[in-house]
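>>> For reference, the sequence and a predicted model appear below.
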Amino acid sequence: QEQLVESGGGLVQPGGSLRLSCAAASGFTLDYYVIAWFRQAPGKEREGVSYIVTSDDSPYYEDSVKGRFTISRDKAKNTVYLQMNSLKSEDTAVYYCATDPRLRYASSDPSEYRYWGQGTQVTVSS
């Protein structure tokens, strides 16, 4: 059973927007130090996209999405969001959220994350 559940993916035209959600499954928490969004395109390795440090909700972004994506957290709803604007075809991928109680920094290495969701497909195409 997945501890994290992503939703919000879909098909969108270039330049469009989507908001992804990452919710904690029953009994699980999103209060660990860092919550991350990763993505994986066909034939490519999984790559980091954005991270939020829960101690002060500080956001971090990879250069490929900086200025277009916004990560945020609703502590009351135990949910993390990824607002994606100005989407490009190269953003097409399966998007995953991840966390790990051992981490004390915003790691871009997917192997350092223990808990993952099942992923949600984002397709940017005209």
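Arrived safely, thanks for sending.

>>> Just list whatever residues bridge to the residue nearest the centre of the chain.
In the chain, the C-alpha nearest the mean C-alpha coordinate belongs to Trp37, at 2.3 Å (Cα atoms, centre = their mean). The bridge-partner assignment for Trp37, based on DSSP bridges, gives Ser50, Cys97.

>>> so what's it up against?
The contact partners of Trp37, taken as Cβ atoms under 8 Å, 6 or more residues apart in numbering, are 20, 22, 48-51, 71, 80, 82, 95-98. (Each C-beta comes from the backbone N, C-alpha and C, glycine too.)

>>> ok, so of these, who is nearest Arg114?
Ala98 (8.1 Å; Cβ to Cβ).

>>> wait, doesn't that closest one sit right on Asp109?
No - counting by Cβ atoms under 8 Å, no contact exists between Ala98 and Asp109, whose distance comes to 10.6 Å.

>>> OK, contacts around Leu20?
Contacts for Leu20 (Cβ under 8 Å, 6+ apart) come out as Glu6, Ser7, Gly8, Gly9, Trp37, Tyr81, Leu82, Met84, Tyr95, Cys97, Thr120, Val122.

>>> Distance check, it against Thr79.
Going from Leu20 to Thr79 by Cβ to Cβ, to the nearest Å gives 10 Å.

>>> Run through the protein and note the low-pLDDT ranges.
Applying pLDDT under 70 to the chain flags residues 1.

>>> again, 50 this time
Along the chain, no part satisfies pLDDT under 50.

>>> Now do the strands in it.
According to DSSP state E, the chain carries its strands in the segments 4-7, 10-12, 18-24, 34-40, 47-53, 58-61, 69-74, 79-84, 93-99, 115-116, 120-124.

>>> could I get these as JSON lines with distance to Tyr105?
Below are the strands of the chain laid out as JSON lines (distance: least, Cβ to Cβ, whole Å):
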{"stretch": "strand 4-7", "distance to Tyr105": "19"}
{"stretch": "strand 10-12", "distance to Tyr105": "32"}
{"stretch": "strand 18-24", "distance to Tyr105": "19"}
{"stretch": "strand 34-40", "distance to Tyr105": "7"}
{"stretch": "strand 47-53", "distance to Tyr105": "8"}
{"stretch": "strand 58-61", "distance to Tyr105": "10"}
{"stretch": "strand 69-74", "distance to Tyr105": "16"}
{"stretch": "strand 79-84", "distance to Tyr105": "17"}
{"stretch": "strand 93-99", "distance to Tyr105": "13"}
{"stretch": "strand 115-116", "distance to Tyr105": "17"}
{"stretch": "strand 120-124", "distance to Tyr105": "26"}
